[in-house]
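Chemist: Make a model of this:
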Amino acid sequence: MQITVNNQSVVLSDLKTNIPMLLQQQGVQPSGTAVVLNGRLITKTKWDGCILREGDDVILISAAFGG
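Modeler: Sure, this is the predicted structure:
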């Protein structure tokens, strides 16, 4: 299955990939991360039940700390 993550094509081998699984595969820490799926912000409480589908467009936004 092919999706787009932050404007880059990504092939997923598991057809039942949810957002936490995607974050793990991409090496992104869930803490401080926002997920936008097909133009809609997905709240963290819905990540587990959000199964990705062919052609989905995902944007991962991670907070940067420092100063």
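
Chemist: just the helices in this structure please.
Modeler: All helices of the chain, identified by DSSP state H, fall at 19-26.

Chemist: Okay, now the unreliable bits of it?
Modeler: 66-67 (pLDDT under 70).

Chemist: Confirm for me that residue 18 is in contact with residue 56.
Modeler: No: using C-beta atoms under 8 Å, residue 18 is not in contact with residue 56, being 11.5 Å away. C-beta coordinates here come from the backbone N, C-alpha and C atoms, glycine included.

Chemist: Look at these two and report which has more neighbours.
Modeler: Ranked by neighbour count (other C-beta atoms under 10 Å), residue 18 and residue 56 place residue 56 first, with 19 against 15.

Chemist: Kindly confirm whether my reading is correct that that one touches residue 35.
Modeler: No: at 10.9 Å, residue 56 does not count as touching residue 35 under the criterion of C-beta under 8 Å.

Chemist: so residue 62 bridges to which residues?
Modeler: With DSSP bridges applied, residue 62 shows beta-bridge pairing to residue 33.

Chemist: Run a quick neighbour tally on it.
Modeler: Residue 62: 13 neighbours (other C-beta under 10 Å).

Chemist: dump the residue contacts of it.
Modeler: Going by C-beta atoms under 8 Å, 6 or more residues apart in numbering, residue 62 touches 28, 29, 32, 33, 34.

Chemist: now with 7 Å?
Modeler: 28, 32, 33 (C-beta atoms under 7 Å, 6 or more residues apart in numbering).

Chemist: so the last one touches residue 64, yeah?
Modeler: No: with contacts counted by C-beta atoms under 7 Å, residue 33 stays clear of residue 64, the gap being 11.2 Å.
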